[in-house]
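> from the sequence below, what's the structure:
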Amino acid sequence: MAKTKMPKSTRFAKGVPDRETLLKFIRESGETDKAAIARAFGLKGEDRRVLRSLLQALETEGALGKRGRKGFAEVGALPEVGVADVAERSPDGDLLVKLVRGEDTPLVPLAPGGDLKAGAPGMGDRLLVRFVKLENGETEARLIKRLGQSAHRILGVIRKSRREVRVEPVDRKTKDTLLLPEGEDLRDGDLVLAQIESHGSRYGPKHGKLLEVVGREDDPRAYSIIAIHAHGIPTGFPEGAEAEAEAAQPPTLAGREDLREVPLITIDPADARDHDDAVYAEPDTDEKNPGGWICWVAIADVAAYVRPGSELDRTARDKGNSVYFPDRVEPMLPERLSNGLCSLREGENRATMAVRMVFGADGRKRSHKFIRGLMRSAAKLSYEQAQAAIDGNPDDKTGPLLEPVLKPLWAAYACIKKGRDARSPLGIESLERKISINTEGEIAQITPRASLEAHKLIEEFMIQANVSAAETLEQKKTPLVYRIHDQPSPEKIAALVDFLGTLSLPWTKGEAPRTERFNKLLADTREGPHADIVNEVVLRTQMQAVYSTENIGHYGLNLAKYAHFTSPIRRYADLIVHRALVSALGLGSDGLSDWDIAKMKDTAELITHAERRAMAAERDAMDRYVAAFLSDRVGAQFVGRITGVTRFGLFVRLAETGADGLVPVSSLGGEYFIHDDRSHALVGERTGARWPLGMTVEVRLQEATPITGGLLFQMLSEPEAPDPTAPRPRLGMRARGDRGPGGPSGYRGPKRGPQGRPKNIRTGKKGGPRR
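Prediction:
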């Protein structure tokens, strides 16, 4: 939840509020949580406990309703914009929607119209809506956008028998199969989209109809198709958008500054097809700035091609961002633009929105200026190429660039890194892996993605350009979409303090969660036995970054003002910021439209959802590809690390591939295990044996299911010995382990459901906020 802001028209006195004052604050905030209220009223220590009691009393008497896990609002209160499900039909046939996060909220009629490009909404659809109060006092919901797949649609695999045709869902969370009528021209293993028509008998399967055959189960490329359909990723482009892209012309100097003599270069992954950004640096010759540097960041001028209100614009807003799978990209813009006229290709004239930044010798930015220009990339390099040249191994291409371009870039980075170090952004380490796909669409290998200084250089240049964009737009009082990241909630910090106590690591209760404090904790434990588990828990303590028209800063980067500017080819947020800069600086007539400004809050909600949708789809596709890669190694043994502890089992991440899978609690031994959420461990109730987060273990791959992405492991390692100093875990969170043969933990194999599939197979990946 983003940080709640107090209404500007109201000022509340500090201290524990009385009942009416608290209800007024909640009413004017719309939706809030305990942490936000405590901040607003300046509550600490005992006052927070009094507030908790007051909130519980209001909830008990029916004045407050739950919103999600930690949030709440006045009973029946509806947000201005929210996610809702189509739940019922009125007697007149009108659709009625209900807020997803709010059991106490009423059914609200859905007004006709809205965004109908994906078809009219139906029963079970999930929508983003705006709740509007009408003159007669009633409320109606107005459609902003359909979200993902309909709840009454199932993506699954055909399983044929002599008597029936069934659809087995590919979603691990969905247990029900769907029965299709006979007569459809289907083969066993077809990947289909079907719609629920009726629920059949009380205990039998649901009945449905075929909507579309989308592929084959045995096609390696099916895993991305599944993710696209399962998460409702918009695909392709309308004819109008394609026609607008094809009609686009190469840029000219008209209305632009000529930057073609500036030797800007692109540094990207070796397989990158679109190039958003180019960089260059040179020493500042101004005698007032000794030791300073001038750093250029030139970004593709997408705003020149994607105009407000165009079909290209509507499609890009609907997509929100490009989505990247191991075998394909679902781009935000047509290829004519994304890989053509907007991509900063080597040796070709390209329209650019560039920023010239001046840094002092201390690494702090002194000034910046935005320029709408015409550039020509001097070279296209990969991260590995650029790094090799700096490390003393230039090739034919980087050799001539080493002295005039690359060395000045690295020297400028060394300078601005001083400012970064002084700022102390959050330094969580996260190992990424790269999947290489062969010509048949299968995984050739999975390798760790190297973290090079070249990556860090480009990242810091981009961050500084993003900061410059936010600063300029704030100074010009121009509406914009910020990239915000809230600090960890007091509840998450309290859980972290409890956990660190189990490792005898100090963190004073009430201590402010500054990024410097987190970084000190990570540095102090980096060489010790608890490095991995501390890094994991610190990561999970963080909030997720979002887009918003209200600025609260970016906690992870430790920045007061931040907006996304550097990737307009693949992110709609950046395109909006480009348009805002055009308007604010008088750089053309293709800046923000009145509609852009009026809908900016909606746009921030949409693109935040689109980012979450893309992340989930990319993660699911990756899981399925990895499961397919490992499917011929069932029975093999692997070294891994426990990355998740739940009452039903342990999630283990393999060191070799980064794959995540489940060790069911039933396979851990012949006793009850208690989930100790304070120490993140499963603890044997009788023996005290422990399976803690971060423990290195050896497992055997018991089952791999590519179509769902599920991996099931058998534990081969022995648990840690009991900790005599640890407090006894709370009861009531127990799960039973099985007795029996099959290894040191008495493993007897996975329990199976009616279709022969293991129960409780699921994987999960934890990730930090996208910056």
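> return the set of buried residues in the longest helix seen in the chain.
In the chain, assigned by DSSP state H, the helix with the most residues is helix 600-630. Neighbour-count burial for helix 600-630 flags 600-615, 617-630 (criterion: 16 or more other Cβ atoms under 10 Å). From N, CA and C alone the C-beta is placed, and that goes for glycine too.
> same check, this time on stretch 470-490
So for stretch 470-490, counting by 16+ other Cβ under 10 Å, buried means 470-474, 478-490.
> likewise stretch 325-342?
325-327, 329-334, 336-342.
> any regions of the stretch 1-150 of the chain where pLDDT drops low?
Applying pLDDT under 70 to the stretch 1-150 of the chain flags residues 1-14, 30, 67-70, 93, 113-120, 122-124, 148-150.
> which stretches in it count as strands?
Taking DSSP state E, counting those that start in this stretch as the criterion, the stretch 1-150 of the chain contains strands spanning 64-67, 71-74, 81-89, 95-99, 108-109, 126-133, 139-146.
> distance to residue 246 and mean neighbour count for these - can I get that in JSON lines?
Shown next, in JSON lines, are the strands of the stretch 1-150 of the chain (distance: least, Cβ to Cβ, whole Å; neighbours: other Cβ atoms under 10 Å):
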{"stretch": "strand 64-67", "distance to residue 246": "46", "mean neighbour count": "20"}
{"stretch": "strand 71-74", "distance to residue 246": "47", "mean neighbour count": "21"}
{"stretch": "strand 81-89", "distance to residue 246": "35", "mean neighbour count": "18"}
{"stretch": "strand 95-99", "distance to residue 246": "38", "mean neighbour count": "22"}
{"stretch": "strand 108-109", "distance to residue 246": "42", "mean neighbour count": "18"}
{"stretch": "strand 126-133", "distance to residue 246": "31", "mean neighbour count": "19"}
{"stretch": "strand 139-146", "distance to residue 246": "27", "mean neighbour count": "20"}
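> okay, those in TSV with distance to residue 165 next?
Compiled in TSV, the strands of the stretch 1-150 of the chain are given as follows (distance: least, Cβ to Cβ, whole Å):
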stretch	distance to residue 165
strand 64-67	42
strand 71-74	44
strand 81-89	28
strand 95-99	31
strand 108-109	38
strand 126-133	28
strand 139-146	29
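> out of the ones you listed, which comes closest to residue 696?
strand 71-74 (37.4 Å; Cβ to Cβ).
> now the strands for the stretch 601-750 of the chain?
Going by DSSP E, counting those that start in this stretch, the stretch 601-750 of the chain shows strands at 637-646, 649-654, 660-664, 672-676, 681-684, 690-692, 696-705, 710-715, 734-736.
> for the third one, buried residues please.
Translated: strand 660-664. For strand 660-664, the neighbour count (16+ other Cβ under 10 Å) marks 660, 661, 662, 663, 664 as buried.
> now flag whichever of those residues is closest to residue 391.
Using Cβ to Cβ, residue 660 comes nearest to residue 391 of the buried residues of strand 660-664, at 33.7 Å.
> separation between that closest one and residue 536?
Counting by Cβ to Cβ, to the nearest Å, the separation of residue 660 from residue 536 is 12 Å.
> overlap in contacts, these two.
Common neighbours of residue 660 and residue 536, using Cβ atoms under 8 Å, 6 or more residues apart in numbering, are residue 643.
> among the buried residues of stretch 470-490, which lie within strands?
Judged by DSSP state E, the buried residues of stretch 470-490 include 482, 483, 484 as members of strands.
> can you list those residues in TSV and add pLDDT and distance to residue 579?
As requested, these are exported to TSV (pLDDT from 0 to 100; distance: Cβ to Cβ, whole Å):
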residue	pLDDT	distance to residue 579
482	98	15
483	97	16
484	97	20
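> out of the residues you listed, which comes closest to residue 380?
residue 483 (27.3 Å).
> now the closest one: how far from residue 669?
As for residue 483, its distance to residue 669 is 47 Å (criterion: Cβ to Cβ).
> excluding its backbone neighbours, what's nearest residue 324?
Sequence neighbours aside, residue 618 is the residue nearest to residue 324 in space, at 6.1 Å (criterion: Cβ to Cβ, 6 or more residues apart in numbering).
> again with residue 181
Take residue 181 and drop its neighbours on the chain: the residue closest to it by Cβ to Cβ, 6+ apart is residue 209, 7.1 Å away.
> check residue 691 too.
Spatial nearest neighbour of residue 691, chain neighbours left out: residue 682 (4.4 Å); criterion: Cβ to Cβ, 6+ apart.
> likewise for residue 354?
Among residues not flanking residue 354 along the chain, residue 298 sits closest, at 4.0 Å (Cβ to Cβ, 6+ apart).
> and whichever strand or helix holds the one you found, what's buried?
Per DSSP states H and E: residue 298 is located in strand 293-300. Neighbour-count burial for strand 293-300, with 16+ other Cβ under 10 Å as criterion, is recorded at 293, 294, 295, 296, 297, 298, 299, 300.
> just those now: which is nearest residue 219?
Ranked by distance to residue 219 (Cβ to Cβ), the buried residues of strand 293-300 are led by residue 300 at 34.1 Å.
> report the contact partners of the closest one.
Neighbour list for residue 300: 275, 276, 277, 342, 343, 344, 350, 351, 352, 353, 568, 569 [criterion: Cβ under 8 Å, 6+ apart].
> quick check: the last one is in a strand.
Translated: residue 569. No: going by DSSP: H, G, I helix; E, B strand; the rest coil, the assignment for residue 569 is coil, not a strand.
> in which helix or strand would I find residue 167?
Assigned by DSSP H and E, residue 167 belongs to strand 165-169.
> where does the spatially closest residue to residue 630 that is not a sequence neighbour land on pLDDT?
Counting by Cβ to Cβ, 6+ apart, the nearest residue to residue 630 once its immediate chain neighbours are dropped is residue 704, at 4.9 Å. pLDDT for residue 704: 94.
> before we move on, what about residue 267?
98.
> perfect, that will be all.
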